[in-house]
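Enquirer: Provided below for reference: sequence and predicted model.
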Amino acid sequence: MFDSLKQKLNFFMGDVKEKAEPKITASTKVKAAVTGKARLGEADVEDTLWQLQMDLMQSDVAVETAEHIVESLKEKLVGLEVSGRGISDDIRSCIRDVLEESLTPEREVTFLDSVRDGPRPYKVLFLGVNGTGKTTTMAKMAKLLLDNGFSVVFAAGDTFRAGAIEQLQQHAQNIGVNVISHQRGADSAAVIYDAVEHARARNIDVVLADTAGRMQSKTNLMDELKKIIRVNQPDMKLFIGDALAGNDAVEQAKTFNDEVGFEAAVLSKMDADVKGGGALSIVHSTHKPLIYVGVGQKYEDLREFDRSWFIDNILG
Ligand SMILES: Nc1nc2c(ncn2[C@@H]2O[C@H](COP(=O)(O)OP(=O)(O)OP(=O)(O)O)[C@@H](O)[C@H]2O)c(=O)[nH]1
Ligand SMILES: [Mg+2]
């Protein structure tokens, strides 16, 4: 999968690489030729910046993020002294800096370290709109935790959708963890509370709590989520975004971040036909770290998000 993602990313990176060479104005060119160096002016970088903005947007980077990247790049490029020969290297290094900045969250999170160093039981709450991959990601993370020596219990906090409890029970059975559940329609906050009590009584390291998918625009559902958080005080709220949702995933992330806040994000379905720009936009617009990406439907299809790898691929 990474090969195909790489190819997709290289599309945007490749374009950047080819088109990043500025169409230097004649006066700048002459000056560079005569004196060996020149400063880039606005006219020298206009075409490059415009093309980059188009490339970013075609790669599913949100308009706001693409504009920010282009503006920051413009600030770095205009007035930059170039030698006439190393122009494209200078520009590529500026693009790397700007992408690095855009992908740097306000606080780094390493999931397994947070669990290792955190309180017991460590409580993780999965948030997001319907069908983004919350339950699947939760099962993948349970597997990851078990593989790393932690004990886990599930809280069947989606008491709303038909079949949600059974779906979680199936995952639990496959992976080998217990599920604490009530009936459908029960109070989600109470189910999660019971799971925490269960973990406490049995010295279980981690509670992974599912929640019902909710549209970010539904105030009553957001209020329910706030109640779940108030009652259970999760140590980590994880926003699960769907890479296929494009700019919508960014809007969802922003609203969940404003309404209830979250510590980190996971972007699922990166194996599908996506161009990867959503990753950039979510981190840039929420300032929260993207810690994992989902790359398939199997339990092991979860990869740590590697910022340097991502940028290297962007730059080709
Ligand atoms: N290809 C692919 N499919 C995924 C990935 N993550 C989840 N899915 C699929 O997406 C669908 C929805 O996943 P769920 O985990 O049920 O999503 P959810 O957010 O819990 O959905 P609701 O409970 O209905 O809100 C399922 O068919 C999953 O197998 C991924 O990384 N890649
Ligand atoms: Mg679910």
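Expert: It's in. Ligands and ions are numbered 1, 2, ... in the order given.
Enquirer: okay, T104: pLDDT?
Expert: Looking at T104, its pLDDT is 94.
Enquirer: if I pick it, what's in contact with it?
Expert: By C-beta atoms under 8 Å, 6 or more residues apart in numbering, the residues touching T104 are V283, R307. Glycine gets a C-beta too; all of them are placed from N, C-alpha and C.
Enquirer: need the phi and psi values for it.
Expert: phi -90, psi 120 (degrees, to the nearest 10).
Enquirer: and the nearest residue to L146 once chain neighbours are set aside, how many neighbours?
Expert: Spatially, and ignoring its direct neighbours in sequence, L146 is nearest to V152 (6.1 Å; C-beta to C-beta, 6 or more residues apart in numbering). Here the number of neighbours of V152 (other C-beta atoms under 10 Å) works out to 26.
Enquirer: go on, H182?
Expert: H182 has 16 neighbours, counted by other C-beta under 10 Å.
Enquirer: next up, the contacts around it.
Expert: H182 makes contact with A156, T159, A190, V191, D194, according to C-beta under 8 Å, 6+ apart.
Enquirer: if I pick the residue in the stretch 1-150 of the chain positioned nearest to ligand 2, what's in contact with it?
Expert: Residue nearest to ligand 2 within the stretch 1-150 of the chain: T135 (3.3 Å; C-beta to the ion). By C-beta under 8 Å, 6+ apart, T135 lies in contact with F126, D158, A164, Q167, L168, H171, D210.
Enquirer: what about ligand 1: which of the residues you listed touch it?
Expert: D158, A164 (C-beta under 6 Å from any ligand atom).
Enquirer: tell me how far the residue nearest to L146 lies from K140.
Expert: Separation of V152 from K140 (C-beta to C-beta, to the nearest Å) stands at 12 Å.
Enquirer: about what we covered before: helix or strand: which one has the residue of the stretch 1-150 of the chain closest to ligand 2?
Expert: Element membership of T135, judged by DSSP states H and E, is helix 134-147.
Enquirer: and that helix, how far out from the chain's middle?
Expert: Mean C-alpha position of helix 134-147 versus that of the full chain (C-alpha atoms, centre = their mean, to the nearest Å) differs by 17 Å.
Enquirer: can you list the residues of this structure near ligand 2?
Expert: Within the chain, the positions near ligand 2 by C-beta under 5 Å from the ion are K134, T135.
Enquirer: and with 6 Å instead?
Expert: K134, T135, D158, A164, D210 (C-beta under 6 Å from the ion).
Enquirer: neighbours of the third one, how many?
Expert: Read it as D158. By other C-beta under 10 Å, 23 other residues sit near D158.
Enquirer: got the confidence number for it?
Expert: Reported pLDDT for D158: 97.
Enquirer: so it belongs to a strand, correct?
Expert: No - judged by DSSP: H, G, I helix; E, B strand; the rest coil, D158 forms no part of a strand; its state is coil.
Enquirer: just checking, it touches V191?
Expert: No - the criterion here is C-beta atoms under 8 Å, and D158 misses it with V191 at 9.1 Å.
Enquirer: kindly list the main-chain dihedrals of A156?
Expert: The phi and psi values for A156, taken as degrees, to the nearest 10, are phi -80, psi 70.
Enquirer: how near is the residue nearest to it when sequence neighbours are not counted to E166?
Expert: Distances taken as C-beta to C-beta, 6+ apart place S181 nearest to A156, at 3.6 Å, with adjacent residues excluded. Noted for S181: a distance of 9 Å to E166, by C-beta to C-beta.
Enquirer: for these two, indicate the residue with more neighbours.
Expert: When S181 and E166 are compared for neighbours, S181 comes out ahead with 23 against 11, by other C-beta under 10 Å.
Enquirer: next one: phi and psi at that one?
Expert: Backbone geometry at S181, expressed as degrees, to the nearest 10, gives phi -140, psi 160.
Enquirer: right, and the helix or strand after the helix holding T135?
Expert: strand 152-155.
Enquirer: what helix or strand is F239 on?
Expert: strand 236-242.
Enquirer: list the buried residues of the helix or strand following that strand.
Expert: Going down the chain from strand 236-242, the next helix or strand is helix 247-259, by DSSP H and E. Under the neighbour-count criterion of 16 or more other C-beta atoms under 10 Å, helix 247-259 has N247, A249, V250, E251, Q252, A253, K254, T255, F256, N257 buried.
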